[in-house]
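Undergrad: give me a model of this one.
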Amino acid sequence: MFHLKTIQEQFVKECIQSVDRLEELFTINQENEADIEINESIVCLPDWKNIQPPILIPEAITSKENLLGILFAKLSNYENAYPLLAENQAILQAVDKLNRLQNGIAIDQLESEINYFNLHNNAIIQHYGYVENAEYENLEATYQEAINTAPNYNYKAFTTYHYAQWLLDFGQINKADEVLKGINQESLSPLSASQITYSLCQAQIKQLTAPYDENLLETAKANLWKCLQYFEEHNFKVEAAMVWNDAAHIAAISNSFAEALGYSTKAIAIYEEEQLQHFKAQAQLTQANLLLMWAQNGSPQFYKQAIDQYKNALAVYTRTDAPDVFANIHHQLGIIYAEIPEEIKKKSVWAAVSVSSFTEAMQYFTKADYPYEYASICHSQGNAFTKYPIAIHSDNYEKALAWYNEALEIRTAQNYPLERVLTLCNYLEASWFVGNKEAFDEDRYNDMLKVANEILSLTTDESIIEHTKADIEKLHQIKKEAIA
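TA: Modelled structure (predicted):
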């Protein structure tokens, strides 16, 4: 339902009533946040509800044709909208861009006339769509110029909000956080303030990395509940589901797994009710990740539920439509198949499926194109080989060391010191279980000692240092006994 505000109520009613059943979709209500204001001119307000792509419609004269054309555009009925707007090129061009952006149609060119509405729309169609021969390196400057020329604060905040979305999309998390915090929410409507706060939550969640900043966690939680209260009170079901899904993530990294499962289940139920399969798959992926975390933290009964949710998500995240997510899911499945507790006679079957999943993930995350992700999969596969059942004709621990070495080629001390320490620790641990020779193995001893000393040079983690020093002492003792 769309809401209109106007001082020309009789005129607007007559326009709406001239089209059969249109009044069922639009209401004139001064109490709700309006989608369109009609006073001396027609004004389509910024779409803070995220119903359509965020193209702005410039102001136009008050005429029956203009009004009906805009109403049909709001309904995404462009076939009826175009003829009604034929005499107003400014609105027609904006509506055409809305249509093209909404339906994934390439846009021929950007608007050359410099004004706020054109600048905003030029930025939006480059950000969210495809423009032939566009110079995307100027996109940030276009956003900034639009912000600086906005006719009022509502428009300025709207453009700033989408500029922050662009920063988030391109990984400039701290800058996005700064931009969003700079918006004065007290000057805005409750809906726009809630949307900005929710985007701020996204920036805060993306900043959360282990070890987690407790203050940032609490701030993100508080902002999420603030948004949830507004969205549920005003029946914004999809937005509420998105908050529930994010709350599940935060609860999971706080080790509140039962709480997280409840939140993500609420999100999945809403997306199912609204028939939003892509959003539902995102929530299923979140739930699969938290079930895996829960299983790895002492509740192995949740491994199989995690598998089910990963497989449910694969119905949407296919190899063709979302190859990166598809590959990442197979990376996680490879880990689960290696760790899931089963009777010995089934372990070899799970091991084979695990290797197959890792291989699937590596088909996309290649060493040449995605070195970081490739190294992560190599590390996981090294871990997996330490958990597979004993092989008759080969040494799983030797294979684990080979995969760790492959990861270490990329996880250098200069580029990825934390990741390197993790792989080195697992390498050192696996080295103790490699098939022992009858005589003292000088090469193995030197290799392990070298790895241990490098660990000590790279980490300040007291538990890792203590464990590594114990390994070094054990190595020295083995050599002393071998020489004696």
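Undergrad: how about the backbone phi and psi for Tyr163?
TA: Dihedral angles phi and psi of Tyr163 (degrees, to the nearest 10) take the values phi -60, psi -40.
Undergrad: isn't it up against Glu145?
TA: No. Using C-beta atoms under 8 Å, Tyr163 is not in contact with Glu145; the gap is 10.8 Å. Yep, even glycine has a C-beta here, placed from its N, CA and C like the rest.
Undergrad: host element of the residue nearest to His127 when sequence neighbours are not counted?
TA: What sits nearest to His127 in space, not counting adjacent residues and going by C-beta to C-beta, 6 or more residues apart in numbering, is Trp166, at 5.1 Å. Trp166 belongs to helix 153-169 when assigned by DSSP states H and E.
Undergrad: residues contacting that helix, please?
TA: Helix 153-169 is contacted from outside by 45-46, 48, 54, 56, 116, 120, 123-124, 127, 139-140, 143-144, 146-147, 150, 173, 175-176, 179-180, 182-184, 187-189, 192, 195-196, 199, 202-203, 206, using C-beta atoms under 8 Å, 6 or more residues apart in numbering.
Undergrad: and those residues, which of them are buried?
TA: Buried by 16 or more other C-beta atoms under 10 Å: 45-46, 48, 54, 56, 116, 120, 123-124, 127, 139, 143, 146-147, 150, 173, 176, 179-180, 183, 188-189, 192, 195-196, 199, 202-203, out of the contacts of helix 153-169.
Undergrad: neighbours around Leu119, how many?
TA: 25 (other C-beta atoms under 10 Å).
Undergrad: please apply the same query to Asn29.
TA: Using other C-beta under 10 Å, Asn29 is surrounded by 12 other residues.
Undergrad: is the residue lying closest to it once chain neighbours are set aside in a bridge, and if so with what?
TA: Once flanking residues are discounted, Asn29 sits nearest to His3: 5.0 Å by C-beta to C-beta, 6+ apart. With DSSP bridges as the criterion, His3 is bridged to Thr27.
Undergrad: for His3, which residues are in contact?
TA: So His3 contacts Phe26, Thr27, Ile28, Asn29, Asn32, Glu33, Ala34, Asp35, Ile36 (C-beta under 8 Å, 6+ apart).
Undergrad: any idea how far Gly382 is from Trp403?
TA: Distance of Gly382 to Trp403, computed by C-beta to C-beta, to the nearest Å: 4 Å.
Undergrad: which of Tyr163 and Glu145 has more neighbours?
TA: The neighbour comparison of Tyr163 against Glu145 (other C-beta under 10 Å) goes to Tyr163, with 24 against 17.
Undergrad: quick one: mean pLDDT over the helix holding Trp166.
TA: For helix 153-169, mean pLDDT is 95.
Undergrad: equivalent analysis for stretch 115-127, please.
TA: The average pLDDT for stretch 115-127 rounds to 93.
Undergrad: so what touches it?
TA: The contact list for stretch 115-127 (C-beta under 8 Å, 6+ apart) reads 53-58, 94, 97, 100-101, 107, 110-111, 131, 134, 136, 139, 142-143, 145-146, 149-151, 155, 158-159, 162-163, 165-166, 169.
Undergrad: now, which of those lie within helices?
TA: 94, 97, 100-101, 139, 142-143, 145-146, 149, 155, 158-159, 162-163, 165-166, 169 (DSSP state H).
Undergrad: now the buried members of the residues you listed.
TA: Those of these that meet the buried threshold are 94, 97, 100-101, 139, 142-143, 145-146, 149, 155, 158-159, 162-163, 165-166, by 16+ other C-beta under 10 Å.
Undergrad: which elements pack onto the helix or strand of the chain with the lowest mean pLDDT?
TA: In the chain, no helix or strand scores lower on mean pLDDT, DSSP states H and E than strand 60-61, which sits at a mean of 73. Judged by 3 or more C-beta pairs under 8 Å, 6 or more residues apart in numbering; DSSP states H and E, strand 60-61 is in contact with strand 41-44.
Undergrad: tell me what the strand it packs on is packed against?
TA: Packed next to strand 41-44, using 3+ C-beta pairs under 8 Å, 6+ apart, are strand 36-38, strand 60-61, helix 64-74.
Undergrad: tell me the mean pLDDT over that strand?
TA: Across strand 41-44, the average pLDDT comes to 83.
Undergrad: can you list the strands that that strand pairs with?
TA: Using DSSP bridges, strand 41-44 pairs in its sheet with strand 36-38 (antiparallel), strand 60-61 (antiparallel).
Undergrad: list the buried ones in it?
TA: Neighbour counts over strand 41-44 (16+ other C-beta under 10 Å) mark Ile42, Val43, Cys44 as buried.
Undergrad: then it to PDB, C-alphas only?
TA: Extracted in PDB, the C-alpha atoms of strand 41-44 (Å, rounded to 0.1, in the frame of the first residue of the first chain):
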ATOM      1  CA  SER A  41       3.500  20.200  -7.600                       C
ATOM      2  CA  ILE A  42       3.900  16.400  -7.600                       C
ATOM      3  CA  VAL A  43       6.900  15.200  -5.500                       C
ATOM      4  CA  CYS A  44       7.900  11.600  -5.300                       C
END
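Undergrad: where does pLDDT dip in the stretch 1-150 of the chain?
TA: For the stretch 1-150 of the chain, the stretches with pLDDT under 70 are 133-136.
Undergrad: mind running it again at 80?
TA: 1, 29-33, 39-41, 59-62, 109, 111-112, 130-137 (pLDDT under 80).
Undergrad: ok, and the closest non-adjacent residue to Ala439?
TA: Nearest to Ala439 is Ala482, by C-beta to C-beta, 6+ apart, at 7.9 Å.
Undergrad: now the one you found: how far from Tyr416?
TA: Using C-beta to C-beta, Ala482 is found at 35 Å from Tyr416.
Undergrad: between the two, which is the more surrounded one?
TA: More crowded of Ala482 and Tyr416, by other C-beta under 10 Å: Tyr416, with 19 against 12.
Undergrad: my guess is that one meets Leu408, correct?
TA: No. Under the criterion of C-beta under 8 Å, Tyr416 makes no contact with Leu408, lying 9.7 Å away.
Undergrad: rewinding a little: which of the contacts of His3 lies closest to Tyr303?
TA: Using C-beta to C-beta, the shortest approach to Tyr303 within those belongs to Glu33, at 45.9 Å.
Undergrad: so what's Ile344 scoring on pLDDT?
TA: pLDDT, read off for Ile344, is 60.
Undergrad: Leu208: what's its closest spatial neighbour, skipping adjacent residues?
TA: Leu216 (6.2 Å).
Undergrad: does the one you found sit in a helix, a strand or a coil?
TA: helix (DSSP: H, G, I helix; E, B strand; the rest coil).
Undergrad: contacting residues for it?
TA: The neighbourhood of Leu216, defined by C-beta under 8 Å, 6+ apart, consists of Gln204, Gln207, Leu208.
Undergrad: who's in contact with the second one?
TA: Pointing back at Gln207 there. With C-beta under 8 Å, 6+ apart, Gln207 has these contacts: Ile173, Asn174, Asp177, Asp213, Leu216.
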